[in-house]
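# When you get a sec, could you give me coordinates for this:
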Amino acid sequence: MPKYPPPKEEGFGVRLARLRKAQGFTQEQLAAELGISRRRIAYYESESDHPPASLLADLSRALNTPVEELLKSGVPQRKARPAALSPRLERRLRQIERLSPRPKQQLLSIIDTFIAAEQNRQGPR
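Now for the predicted structure:
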């Protein structure tokens, strides 16, 4: 008989909480990023053994983690992929793309102004 019991497999909820914290999200922030309630995030982290298939792609993007990582058990073996656009930012960009040319150009000019100001504030790299 072994001296110590074998470690239990990490369930989906525990893995989701670990990945969320590793990316610096609170439950509230992740919920806002995904467009769902904080209660749903809390449920998935505490009571759900099975991930919501409809949210896997968005969770993967928001947590900068492959879907396979969300579904597997154990400690992560892979490095995180480079940061992708958040679902919220992607949604906003699609909305901007649907604007008529004049408002789209005005909005892009505003964004360019903010980017230039931030680059000036940070100084040369």
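
# Distance check, A116 against Q122.
Separation of A116 from Q122 (C-beta to C-beta, to the nearest Å): 11 Å. All C-beta spots, glycine's among them, are computed from the backbone N, C-alpha and C.

# cool, and F25?
Separation of F25 from Q122 (C-beta to C-beta) stands at 25 Å.

# So which of these two has more stuff around it?
Under the criterion of other C-beta atoms under 10 Å, the comparison of F25 against Q122 puts F25 first, with 17 against 8.

# Next, the more buried one: phi, psi?
Per-residue torsions, F25: phi -90, psi 140 (degrees, to the nearest 10).

# Check which helices and strands whatever helix or strand A116 lives in sits against.
Following DSSP states H and E, one finds A116 within helix 101-122. Taking 3 or more C-beta pairs under 8 Å, 6 or more residues apart in numbering; DSSP states H and E as contact, the helices and strands that helix 101-122 lies on are helix 87-97.

# The helix it packs on: which residues count as buried?
By 16 or more other C-beta atoms under 10 Å, the buried positions in helix 87-97 come out as P87.
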